[in-house]
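Asks: from the sequence below, what's the structure:
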Amino acid sequence: MICYRNIRIALFTFALGVAVVGFLNWATQVESIVSVDLPQASFSILEVAVAPPLSGIEEVGHGCGGRNRYGAETAITGYRLGDFSRMVSLYSEGYDTKLGAVKEIHQRVRDASFVLEDSGVMGQKRLSRRIVLSTVELDKETIDIIRYEGGDGIEVISAKNLKDALEFEKWYEAKSNRPSVSR
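Replies: Numbering: from 1, shown residues only. Sure, this is the predicted structure:
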């Protein structure tokens, strides 16, 4: 008799468990389907534009810690000239040795489409060099002014056109109280 009673209890427990699971599934479906008729939303956008000053040069961002395609440790600062349609970047690139910086300069000259200006070949007496390069990729021109002063790093001013690059270079030299690299 004990065995028959245990089988009855087990069957009853199983049937009750199946019923509870089925009931819970049905209850969650019934409760989760709620029909709501929401009104049509309408909104308007209030746009407030603050005009930036349209003259002068202003720093807009700075990043550092990466390496460029030539292997130099690079820091970049972005500047805007006048409005935000004219942007210039200043790259400061450093190497462990002077030789690394000189190799990058030679590689940049080889990669350029045109050399617009070169202050001359570096030698024992000449420690600084300024090179203006034009590179055309995908029908877009980039002007780079490379400034080298004999150490283990270079500065590169990069802009979309020569006028912006030269304007920034002049401002940067005045701002940093540096003598201009020989032209």
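Asks: from here on, contacts and neighbour counts on C-alpha atoms
Replies: Fine.
Asks: any weak-confidence spans in the chain?
Replies: 1-2, 28-34, 38, 41-55, 83-84, 120-127, 178-183 (pLDDT under 70).
Asks: name the single longest strand found in it.
Replies: Ranked by number of residues, the top strand in the chain under DSSP state E is strand 57-67.
Asks: give the buried residues for that one.
Replies: Burial within strand 57-67, assessed by neighbour count using 16 or more other CA atoms under 10 Å, is assigned to residue 57.
Asks: list the contacts of that strand.
Replies: Residues outside strand 57-67 that contact it (CA atoms under 8 Å, 6 or more residues apart in numbering) are 73-82, 168.
Asks: the spatially most central residue of the chain pairs with what?
Replies: Taking CA atoms, centre = their mean as the criterion, residue 63 is the residue nearest the geometric centre of the chain, at 8.4 Å. Bridge pairing for residue 63 (DSSP bridges) gives the partners residue 76.
Asks: got a winner among the contacts of strand 57-67 for most neighbours?
Replies: Using other CA atoms under 10 Å as the neighbour criterion, residue 168 leads those with 24 neighbours.
Asks: host element of that residue?
Replies: Using DSSP states H and E, residue 168 maps to helix 162-175.
Asks: what angle do that helix and strand 57-67 make?
Replies: Here helix 162-175 runs at an angle of 90 degrees relative to strand 57-67 (axes from the mean of the first three to the mean of the last three CA atoms, to 10 degrees).
Asks: what are the contacting residues of helix 162-175?
Replies: Residues from elsewhere that reach helix 162-175, judged by CA under 8 Å, 6+ apart: 57, 81, 86, 88, 143-145, 157-159, 179-180.
Asks: how about a cut-off of 10 Å?
Replies: For helix 162-175, the external contacting residues (CA atoms under 10 Å, 6 or more residues apart in numbering) are 56-57, 79-81, 86-90, 116, 132-134, 141-145, 147, 156-159, 177-181.
Asks: mind listing what's buried in it?
Replies: With burial defined by 16+ other CA under 10 Å, the residues of helix 162-175 counted as buried are 162, 164-166, 168-169, 172.
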